[in-house]
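# give me a model of this one.
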Amino acid sequence: MKFYREHIVPRLVDLACGTSGLARWRSSVTDGLYGEVVEIGFGAGRNIPYLPEAVRIVYAVEPSGTSMRLAYKRNVSTRVRIEHVGLDGGSIDLADESCDGALMTFTLCTVADPRLVLSEVARVLRPGAKLHFLEHGISPDQRVATWQRRLDPWEKRLADGCHLTRDSGSLVEAAGFTLDRIEERYAKGPKPWSYFTLGLATRAAVPLPGLTNDRPAS
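Next up is the predicted model:
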């Protein structure tokens, strides 16, 4: 099981997330990013080719060594500097208010504690900075949602914790972000896996409840 999780799952996820049909979505979700960006769930670096010229560095938070090796190999000649800063989005090794933007694609579906991850994202963002996110999740169509709930236990086993039933927009709002833009609709593919949410959200002007300011500078 360990071999499957560490070596097979990252490659399967990379293949699933590397289809040409996702190009427009990636281009949209990265639009407007600039400066220093933290990406939670960096994966194998599929977003790098779509980053605007204004992005200087991506701080990658990614638990899979296999994914990071694929990312560095794929983006060896990229103009964007990639720095792996940690394994866990719930504990980001960056200073408070140190990032100009944050990026998450197909991440909130998998992390164990979405609120903790979003709180950490808010902590490292500068006031007024934006979170750009693209996720799949629960459909408003009850017939599809019923199948998603049925399939969810198998999805979590086969895709190393991925959920089909999370509502990313609601999670982001509950974490204290202000939703500036949200687009929800089906992408191409089987409906239980293809109800997408594309969003842009602003970090709260003041720290969220429970956040601390005692992280050391990296």
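
# from the centroid of the chain, which residue is nearest?
The centre of the chain sits closest to M104, judged by Cα atoms, centre = their mean, with a distance of 2.1 Å.

# that residue - nearest residue in space that isn't next to it in sequence?
With Cβ to Cβ, 6 or more residues apart in numbering as the criterion, M104 has its nearest non-adjacent residue at 4.5 Å, and that residue is F133. Bear in mind the C-beta positions are built from the backbone N, C-alpha and C, glycine included.

# what's the spacing between that neighbour and L116?
F133 sits at a distance of 16 Å from L116 (criterion: Cβ to Cβ, to the nearest Å).

# with E53 instead?
33 Å.

# in terms of neighbours, single out the busier of these two.
L116 (16 against 8; other Cβ atoms under 10 Å).

# the strand or helix carrying the residue nearest to the centre of the chain: partners in the sheet, and parallel or antiparallel?
In this structure, M104 sits in strand 99-105 according to DSSP states H and E. Applying DSSP bridges, strand 99-105 is found paired with strand 35-40 (parallel), strand 125-136 (parallel).

# would you turn the ones you listed into a markdown table with mean neighbour count?
Shown next, in a markdown table, are the strands paired with strand 99-105 (neighbours: other Cβ atoms under 10 Å):
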| stretch | mean neighbour count |
| --- | --- |
| strand 35-40 | 24 |
| strand 125-136 | 21 |
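
# ok, then the element right after the strand holding M104?
helix 114-124.

# can you name every helix or strand that that next one contacts?
strand 35-40, strand 99-105, helix 168-174 (3 or more Cβ pairs under 8 Å, 6 or more residues apart in numbering; DSSP states H and E).

# send the alpha carbons of that helix over as CSV?
As requested, the backbone C-alpha atoms of helix 114-124 are provided in CSV (Å, rounded to 0.1, in the frame of the first residue of the first chain):
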residue,chain,number,x,y,z
PRO,A,114,-9.4,22.0,4.7
ARG,A,115,-10.1,24.8,7.3
LEU,A,116,-6.6,24.4,8.8
VAL,A,117,-5.0,24.6,5.4
LEU,A,118,-7.1,27.7,4.4
SER,A,119,-6.2,29.3,7.7
GLU,A,120,-2.5,28.8,7.0
VAL,A,121,-3.0,30.2,3.5
ALA,A,122,-4.6,33.3,5.0
ARG,A,123,-1.7,33.6,7.4
VAL,A,124,1.0,33.7,4.7
